[in-house]
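*Asks:* Next come a sequence and a model predicted from it.
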Amino acid sequence: MPGTRVLRRVTKAIVCDNLKAGVAKALWFEPTLNQTFAAMAEHYDTTILPTRSRKPRDKGKVEGALPPAPFGYAEWKSAKVHPDYHVEIDKTFYSVPHALMGRRVDVRLAHRVVELFHDHKRVASHVRRSQRCGHATVNEPMPKAHQRYANTTRRT
């Protein structure tokens, strides 16, 4: 929200058009926002209210103070955990606890970090690799036998 930085204020409610990039389900009383748009609203302590179709007078203005740090943009993806308990994100493999093998996880890709969630709980976090290859593996969630083997092999 570049314009809010100049004024150092944010509205208590942002009434926006039903943009497809931000609104997953445009219901008047309970709209469903995409995860990135919802995270931005939470960061700025504001509410997103998509306007009704063909109702231009739905927009209003109420201001509040901005948080000290700007919103950190992140993309959300979904990935399936491979048999080696890694997920592939942008041609790089990131580890998750082995108990999630074969399940789907939500992935939050920020500029410097990759966070993996299962059932809305963060299960792993990695520094995002700048090169698009190799594995980022944390040994602790591995079974003990795999940890011993991982410590004897070459890392990428």
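*Replies:* Perfect, thanks for sending it.

*Asks:* How confident was the prediction at the most centrally placed residue in the chain?
*Replies:* Closest residue to the average C-alpha location of the chain: Arg108 at 3.3 Å, with Cα atoms, centre = their mean. If you check Arg108, the pLDDT there is 96.

*Asks:* so it sits right up against Ala124, yeah?
*Replies:* No: Arg108 lies out of contact with Ala124 (Cβ atoms under 8 Å); the separation is 10.9 Å. Yep, even glycine has a C-beta here, placed from its N, CA and C like the rest.

*Asks:* Just name the shakiest helix or strand of the chain by mean pLDDT.
*Replies:* Ranked by mean pLDDT, DSSP states H and E, the weakest helix or strand in the chain is helix 2-7, scoring a mean of 54.

*Asks:* immediately after that helix, which helix or strand?
*Replies:* Note on helix 2-7: by DSSP states H and E, the next helix or strand toward the C-terminus is strand 9-11.

*Asks:* Now do that following strand: distance to the chain's middle.
*Replies:* For strand 9-11, the separation from the chain centroid amounts to 23 Å (computed by Cα atoms, centre = their mean, to the nearest Å).
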